[in-house]
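Engineer: The sequence and its predicted three-dimensional model are supplied below.
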Amino acid sequence: MKTRISAVCGLVLALLGVVDGQAPQMQKPAPEVKRLHYFVGTWTAAYEIKPGPMGPGGKVKSVDQSRMMPGGFFLETRTEGGGAMGVVKSLAIMGYNAEEKVYTYDAFNSLGEADHFKGSVQGDTWTWNSEGMIAGKPTKLRFIAKEVSPTIYTMKFEMGTGDDWTTVMEGKATKKGTRTK
């Protein structure tokens, strides 16, 4: 009986990662996650949606509240905005997939839309890519954000087929508490 209990205890400890009486090391965020800290804070955004497959277009304003989630692995952003489409609320989670070596962006909004992008950052420019169906046709999607300063970034959303890209949205975001000319 003691042998069976010892074997079970040994198996449980092995499954929990305890070896030689030492507790398992807690996983830490990949170093690339630190780059997401740029977006922490409250941002106000103003952008224009161009008329096209997404609708008639128009001006939109929004406020993003972004913070690192407990543990420091993911950035959570809650957005509320309004304009041409009425009021829209969304939740977005950004992280880093160390196995694929890509940033991840998953968002869900009050219009019933779910977005899933993979991205990279080169210098001051973030590029996020995805694919979706627009008007029943497979379409490539690309969102580009350029860090102009620690408190301002510009953004552009494009749709494409083949090598051709069409800009469907452009704008700028400013971190709360800062002024722009």
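Structural biologist: That came through fine. This one's a predicted model, so the numbers in the text were calculated from it and none came from an experiment.
Engineer: Bridge partners for Met169, pull those for me.
Structural biologist: The residues paired with Met169 through beta bridges, assigned by DSSP bridges, are Ile49, Phe157.
Engineer: Just the pLDDT for it.
Structural biologist: As summarised for this prediction, Met169 has a pLDDT of 93.
Engineer: how close does it get to Pro150?
Structural biologist: In this view, Met169 and Pro150 are 23 Å apart by CB to CB, to the nearest Å. Every C-beta, even on glycine, is put in place using the N, C-alpha and C of the backbone.
Engineer: same deal with Gly81?
Structural biologist: With distances defined as CB to CB, the gap from Gly81 to Pro150 amounts to 23 Å.
Engineer: more crowded one of these two?
Structural biologist: Gly81 (20 against 10; other CB atoms under 10 Å).
Engineer: That one in helix, strand or coil?
Structural biologist: Following DSSP: H, G, I helix; E, B strand; the rest coil, we place Gly81 in the strand state.
Engineer: How about the contacts made by it?
Structural biologist: Residues in contact with Gly81 (CB atoms under 8 Å, 6 or more residues apart in numbering) are 45, 60-63, 87-88.
Engineer: Nearest residue to it in space, please, no chain neighbours.
Structural biologist: In space, Gly81 comes closest to Ser62 once its chain neighbours are excluded; the distance is 2.7 Å by CB to CB, 6 or more residues apart in numbering.
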